[in-house]
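Visitor: The amino acid sequence is not available; the structure is as follows:
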C-alpha cells in the first residue's frame, strides 16, 4: 500500500538535475502521448490516487496551479492517477465533482505499475514532478507548492 510521507526515495531523488525518463501516458479517452512529445515545455506531473486523503488536497492545489497557467502554451499539467482499472468511474466522478478540468488526466489502470510512476521510482502518493523545457527534472517531491514557486520564479523574470 502506498502512503504519503515527507521524503522521496533515494532513487527518485537521483533524478533531480538529470534528463527525465520518457514514458507513455494514457489519456482518459484511450489515446496516448509521451513525455518526450511535450519536450520544449515545462511539464508538471502529479501522481495521485482517488482513495488517498493527502492526494485529495494535492490534486486540488494542482488544479489551482494549472488554472493560473492555463493561458500559457509553454506549460502542461498532467494528473497521473495511480488507481486500479476498476476505479475508472470513481476517477471520472472525482474529476467532475472537484472540477479538475484544467489538467490533462492520465490513467493506465495499472495501479502502482503505471509506466510513468515506475520510471520516476514512485513509492508514495501524492508525488509531484517538474520537468523543464530541456527535459531536465527540476523538482521531484511531495509538495505541489514547490512547483508553483519554481514556475513563479521562472515566469516573473
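Guide: Received, thanks. No experiment lies behind these values; they were computed from the predicted model shown. Residues are numbered from 1 along each chain as shown.
Visitor: Show the contacting residues for residue 114.
Guide: 47, 80, 82, 108, 122 (CB atoms under 8 Å, 6 or more residues apart in numbering). The way it works is simple: take the backbone N, C-alpha and C, and place the C-beta from them, glycine included.
Visitor: Bridged to the second one, which residues?
Guide: Using DSSP bridges, the bridge partners assigned to residue 80 are residue 47, residue 106.
Visitor: ok, it touching residue 49?
Guide: No: counting by CB atoms under 8 Å, residue 80 stays clear of residue 49, with 9.9 Å between them.
Visitor: Quick one: end-to-end distance for stretch 44-61.
Guide: By CA to CA, to the nearest Å, the extent of stretch 44-61 from end to end equals 13 Å.
Visitor: Check what pLDDT the nearest residue to residue 72 once chain neighbours are set aside gets.
Guide: The shortest distance from residue 72 to any non-neighbouring residue, by CB to CB, 6 or more residues apart in numbering, is to residue 155 (7.6 Å). Note for residue 155: predicted pLDDT of 92.
Visitor: Please, which helix or strand holds residue 155?
Guide: helix 144-156 (DSSP states H and E).
Visitor: Now do that helix: distance to the chain's middle.
Guide: 15 Å (CA atoms, centre = their mean, to the nearest Å).
Visitor: Buried ones in that helix, by neighbour count?
Guide: For helix 144-156, burial by neighbour count (16 or more other CB atoms under 10 Å) applies to 144, 147, 148, 150, 151.
Visitor: Count the residues that sit near the residue nearest to residue 122 when sequence neighbours are not counted.
Guide: Closest residue in space to residue 122, ignoring its immediate chain neighbours: residue 47 at 5.6 Å, by CB to CB, 6+ apart. Close neighbours of residue 47, defined as other CB atoms under 10 Å, add up to 25.
Visitor: Scan this protein for its longest helix.
Guide: helix 53-68 (DSSP state H).
Visitor: Pull out the buried residues from it.
Guide: Buried residues in helix 53-68 (16+ other CB under 10 Å): 54, 55, 56, 58, 59, 61, 62, 63, 65, 66.
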